[in-house]
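Enquirer: Provided below for reference: sequence and predicted model.
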Amino acid sequence: MNKTLNVGFIGIGIMGYHMARRIAEQGHRVRAWNRTQDKAQRLAAFGIEVEANAADCARNADVMICMLSSGPVCDEVLLGERGVLAAMKSGSTLIVMSSIPVETARHQAEAARALGVDYLDAPVSGGEKGAEAAKLAIMVGGEVEVFERSRPLFETMGRPVRVGPTGSGQLSKLANQMMVASTITAVAEALLFAERGGADPAKLREALLGGFADSTILRLHGQRMIEGNFVPGGPAKYQPKDTSTALALARSIGLELPMLDLVDRLYRDMVEHGDGDLDHSAIILELKRRQAGASDTLS
């Protein structure tokens, strides 16, 4: 894929915007579509043509990238009335970079194969900062040959690793989300614990940097918690989608995940309390809410 490609890109959200921009900046011809067209119009400044219909992005595309919000939305746009997959030419490649259920990815791959279209599931991690800097972690499931052919395009957005056959990318993303959601919650609890015990949370964070408790989450999300800056790099309302999907898959293969079960309930409560559009780090607000409720009960 060192040649100039015709790339269709659907889903111009917080991350999709930067991903499409990066592809265009590397010299590929990009056509984009988003359900809310105003979000896609910003890409015109980078020479990207914004289409009124999703299927128009797919016509004559060598590669079609999907970065929509969920499995049902992906299925609606790719397989439903919008007809993206049906509009793709034989021999082209569909890359779904959304976070969707493993079985959804496998079903989409079968539908693509029936039309002579190659398929990769390639969800990402790294948030807006990773997308902006082209440093996303890209977890890819699919055939080796298709992955290698697609590697240069992936490298315009970040660091791709093929982790197995179709569906493995989504499985890896679920594992990633399990670790991220649980770690964000653990950092929030630790900062609350320090504050309640009389320590300075900002100084605690500083003291832990470089030790075994250090992490990207402590550095970035911990700082957001301390500052009370919950402008979303990724809205928390999408977190329960991933945690509940992981729990359902775990049950289907005979695994019990007690920590994830608790984290899932915390994020669901957070969304129900109206904080779903805030950053994931705002889970600290849900924990504070619980503490306030417990204090009221004791009094």
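Expert: On my side now, so go ahead.
Enquirer: Ala202 against Met225, yeah?
Expert: No - using CB atoms under 8 Å, Ala202 is not in contact with Met225, being 9.9 Å away. (C-beta placed from N, C-alpha, C; glycine too.)
Enquirer: who touches Leu260 in this structure?
Expert: Met178, Ala181, Ser182, Thr243, Ala246, Leu247, Ala250 (CB atoms under 8 Å, 6 or more residues apart in numbering).
Enquirer: same deal with Val7?
Expert: Taking CB under 8 Å, 6+ apart as the criterion, Val7 is in contact with Ile23, His28, Arg29, Val30, Arg31, Ala61, Asp62, Val63, Met64, Ile65, Leu153.
Enquirer: please name the bridge partners of the fifth one.
Expert: Partner residues in beta bridges with Arg31, using DSSP bridges, are Gly8, Glu49.
Enquirer: do you know how far it is from Ala54?
Expert: According to CB to CB, to the nearest Å, Arg31 and Ala54 sit 10 Å apart.
Enquirer: quick check on Ala61: phi, psi?
Expert: phi -80, psi 140 (degrees, to the nearest 10).
Enquirer: next one: it from Asp200, what distance?
Expert: Remark: distance between Ala61 and Asp200 (CB to CB) = 54 Å.
Enquirer: which one's more surrounded, these two?
Expert: Using other CB atoms under 10 Å as the criterion, Ala61 and Asp200 rank with Ala61 on top: 24 against 12.
Enquirer: mind jotting down where the helices sit in the stretch 101-250 of the chain?
Expert: 102-114, 127-132, 144-154, 168-197, 201-208, 216-227, 239-252 (DSSP state H, counting those that start in this stretch).
Enquirer: in CSV: these, plus distance to Ile95.
Expert: CSV is the format used below for the helices of the stretch 101-250 of the chain (distance: least, CB to CB, whole Å):
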stretch, distance to Ile95
helix 102-114, 10
helix 127-132, 15
helix 144-154, 7
helix 168-197, 10
helix 201-208, 37
helix 216-227, 25
helix 239-252, 19
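Enquirer: reformat these as CSV; add mean pLDDT, distance to Ile284 and mean neighbour count.
Expert: Shown next, in CSV, are those (pLDDT from 0 to 100; distance: least, CB to CB, whole Å; neighbours: other CB atoms under 10 Å):
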stretch, mean pLDDT, distance to Ile284, mean neighbour count
helix 102-114, 96, 31, 18
helix 127-132, 92, 17, 19
helix 144-154, 98, 34, 16
helix 168-197, 96, 4, 20
helix 201-208, 98, 10, 16
helix 216-227, 96, 5, 19
helix 239-252, 92, 14, 19
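Enquirer: list just the one of these that sits closest to Lys89.
Expert: helix 102-114 (11.9 Å; CB to CB).
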